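Asks: What shape does this take:
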Amino acid sequence: MSARAATLRSGFRVESGGLTWEGHGLDALARRFGTPLYVVNRHSLIEGHGRFTRTFQEQGLDAQVFFPVKTNPVPDVVASLVAEGAGVEVSSRLELRLVRDLGVPGSRITICGTVKSGRFLKEAVACRPALIVVESVSELKQLEQLARRDSPIHIALRLNPGLRSRRLDLTVSMGTESSPAGFRPESSDWNEALEMLLSSPGLILRGLHCHIGTGISSGSPYREAVDALLRHWVELWRSGLRPTVLDIGGGFHTPSVRTLGLWEAARLLGWGKAPAPPATPVGGRLLLEVAAYCREQFDRLARLEIEGRCLEPPRLFLEPGRSLCGSAQLLLLSVERVVDRGRRPAFVLCDGGAMNLSLLLLSEYHDILAVGKADRVPARTYDILGSTPASLDIVGPGRELPELAPSDVLAVLDVGAYFTSLGNTFGGPRPAIVMLDGGDVRLIRRRETYEDVFARDVSFGGRSVAEPSAYRREEG
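Replies: The predicted structure is shown next:
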């Protein structure tokens, strides 16, 4: 995609030759706060949440969004979504502490995670969440010991729907038979869990849950998963259990990002072959397809009678991360050096890359734009690399951009999902984060300092030593 094509995206404009987002000049932000720099668009976050709720509720579904905190665990990001009515899904004690400190009530929290320590379960029970998603009989036994008759624990059983494997496609790997996550239906563990729930007054089976993968762009896996969940939903009602919630997890892709298949990743890493950009995205098509299918199957469910009573359609829980916030954040990098050895493409070396920002740059296609030259047509093909001598420090191979020079600023789009989660200090301190909020720009996370990086080293303690001036820079 060329820089001009990006102006078609909501909120982007070309003004005086430079790219702006929601009226804020990206070049000016890079100069003011330094690079690498993450830029979060609060309006885009809110739009993402609204898109999900509208799509499912317009199909007549009682749907609630729970944002997976691990996707982007920045307090201002989480707080912005909670303020719009979103719940949160947490999978660690760290995330639970964060959302409780943000004042999120237990009724808007779901507890997930394939491994939960005893301490995590105890803290989870104490906040009285909407659901604790149970993965195993051992978890169920721990919860039974924590339960009190006057304060029962609402749980959901995670079901492994046994999706068919797709060759060279790992996006649904969490929902196939080979995945260790969740209960396998009709297994001895599954039957033991149901017997426990039928006899335990302290545990209430509130729902069924599944999470089948990430970066999924087709509705077919969701249809398979919903069918599996509803088959067992009916069986649970016939057995005397009364679930009311169907939680279909997340995994929805970001339309403007493409997850590379195994063959494409091998071609990139083995032979330097640049992957193709995603097809022109059709916003909301996947969500509408899944919502319409849920509506159709829920209507069928409502026609069934058990013990003379028609089944009520489930309440639907959704846990979108990537597709909700992926496009709400971009990354600004500065060009440090251009290396042209007469080959095609030339090399561009930047001040941040895959080895310290996120290895997702190696497995996904992200659009990259020349911020200060947004009105110019592409003139060269570049392999854009990071700042380390690692062969895997690839930001974007084979990108057509205007003629680049040192100090030019590049924008890597759609980095709102997992980039801040997976960042590390290989190559330098972690970036600052600013949030665009209407006409305001707020620094919401300062750039990591030398002291931040080494403060936990017991024998060293981040004590003050002569440090490079680059680490003393003040932001904003």
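Asks: Can you show me the strands along the stretch 51-200 of the chain?
Replies: With DSSP state E, counting those that start in this stretch as the criterion, the stretch 51-200 of the chain has strands at 63-68, 87-90, 109-111, 131-134, 153-158.
Asks: could those strands go into JSON lines alongside distance to residue 193?
Replies: Just so you know, the C-beta spots here come from the backbone N, C-alpha and C atoms, and that holds for glycine as well. Converted to JSON lines, the strands of the stretch 51-200 of the chain look like this (distance: least, C-beta to C-beta, whole Å):
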{"stretch": "strand 63-68", "distance to residue 193": "23"}
{"stretch": "strand 87-90", "distance to residue 193": "21"}
{"stretch": "strand 109-111", "distance to residue 193": "17"}
{"stretch": "strand 131-134", "distance to residue 193": "7"}
{"stretch": "strand 153-158", "distance to residue 193": "6"}
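Asks: Which among these is found nearest to residue 361?
Replies: Relative to residue 361, the nearest member of the strands of the stretch 51-200 of the chain by C-beta to C-beta is strand 63-68, separated by 20.7 Å.
Asks: Of the strands of the stretch 51-200 of the chain, which is nearest residue 286?
Replies: strand 63-68 (15.2 Å).
Asks: so what does the closest one touch, helix or strand wise?
Replies: helix 42-57, helix 75-83, strand 87-90, strand 315-318, helix 322-325 (3 or more C-beta pairs under 8 Å, 6 or more residues apart in numbering; DSSP states H and E).
Asks: how far is it from where the chain is centred?
Replies: Strand 63-68 sits 12 Å away from the centroid of its parent chain (C-alpha atoms, centre = their mean, to the nearest Å).
Asks: Could you do stretch 343-357 as well?
Replies: Per C-alpha atoms, centre = their mean, the centroid offset for stretch 343-357 relative to its chain is 24 Å.
Asks: From one end of that stretch to the other, what's the distance?
Replies: The straight-line separation of the ends of stretch 343-357 (C-alpha to C-alpha, to the nearest Å) is 28 Å.
Asks: Tabulate the helices and strands packed on strand 63-68 in JSON lines, adding columns for mean neighbour count.
Replies: Shown next, in JSON lines, are those (neighbours: other C-beta atoms under 10 Å):
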{"stretch": "helix 42-57", "mean neighbour count": "19"}
{"stretch": "helix 75-83", "mean neighbour count": "20"}
{"stretch": "strand 87-90", "mean neighbour count": "27"}
{"stretch": "strand 315-318", "mean neighbour count": "23"}
{"stretch": "helix 322-325", "mean neighbour count": "28"}
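Asks: got those as a markdown table, with distance to residue 180 and mean pLDDT columns?
Replies: A markdown table is the format used below for the helices and strands packed on strand 63-68 (distance: least, C-beta to C-beta, whole Å; pLDDT from 0 to 100):
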| stretch | distance to residue 180 | mean pLDDT |
| --- | --- | --- |
| helix 42-57 | 29 | 96 |
| helix 75-83 | 28 | 98 |
| strand 87-90 | 20 | 98 |
| strand 315-318 | 23 | 97 |
| helix 322-325 | 22 | 94 |
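Asks: quick one: which of the ones you listed is nearest residue 187?
Replies: strand 315-318 (23.9 Å).
Asks: any chance you could map the helices in the stretch 351-476 of the chain?
Replies: 419-422, 450-454 (DSSP state H, counting those that start in this stretch).
Asks: tell me what the first one is packed against?
Replies: Translated: helix 419-422. strand 329-339.
Asks: So what are the sheet partners of the strand it packs on and their directions?
Replies: Strand pairing for strand 329-339, determined by DSSP bridges: strand 37-41 (antiparallel), strand 346-350 (antiparallel), strand 409-412 (antiparallel).
Asks: And these: which comes nearest residue 249?
Replies: Once these are compared by C-beta to C-beta, strand 37-41 is nearest, at 24.1 Å.
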